[in-house]
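Chemist: here is my input; please provide its structure:
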Amino acid sequence: MASGWGITGNKDCTLLREDYLECLHHSKEFQRRNRIYKEEQRKLRAASRKGEEAGDGTHNHH
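Modeler: Next up, the predicted model:
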């Protein structure tokens, strides 16, 4: 029934509700994408810092 109370009483619809809201708003998907992006950026910054530290100190000015 629409009220959430069926013939056998109150049913736990938490999982269905959570799935429905995710389908509408994609909040978990956006959080996951954001975590992946941040990790990729962290790795790029770390690689950049490592490259700067490994440099021989000479600069190429044009």
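
Chemist: for Phe30, report the pLDDT, please.
Modeler: At Phe30, the predicted lDDT confidence score is 97.

Chemist: surely it forms part of a helix?
Modeler: Yes - assessed by DSSP: H, G, I helix; E, B strand; the rest coil, Phe30 belongs to a helix.

Chemist: what's the burial count for it?
Modeler: 10 (other C-beta atoms under 10 Å). Placement of C-beta: from N, CA and C, glycine included.

Chemist: look up how far Arg45 lies from it.
Modeler: Counting by C-beta to C-beta, to the nearest Å, the gap between Phe30 and Arg45 amounts to 22 Å.

Chemist: same deal with Glu29?
Modeler: 25 Å.

Chemist: likewise for Ala54?
Modeler: For Ala54, the distance to Arg45 - C-beta to C-beta - is 15 Å.

Chemist: Asn34 too?
Modeler: Per C-beta to C-beta, Asn34 is found 16 Å from Arg45.

Chemist: poorly predicted segments of this structure, please.
Modeler: 1-11, 56-62 (pLDDT under 70).

Chemist: where do the strands sit along it?
Modeler: 5-6, 9-10 (DSSP state E).

Chemist: who's more crowded, Ala54 and Arg45?
Modeler: More crowded of Ala54 and Arg45, by other C-beta under 10 Å: Arg45, with 10 against 7.

Chemist: look up how far Glu22 lies from that one.
Modeler: Arg45 is 31 Å from Glu22, by C-beta to C-beta.

Chemist: same check on Lys38?
Modeler: Lys38 is 21 Å from Glu22, by C-beta to C-beta.

Chemist: which residue is nearest the middle of this protein?
Modeler: Arg32 (1.8 Å; C-alpha atoms, centre = their mean).

Chemist: number of residues surrounding Gln41?
Modeler: 10.

Chemist: tell me which stretches of the protein form helices.
Modeler: Listed in chain order, the helices of the chain (DSSP state H) span 14-25, 27-54.
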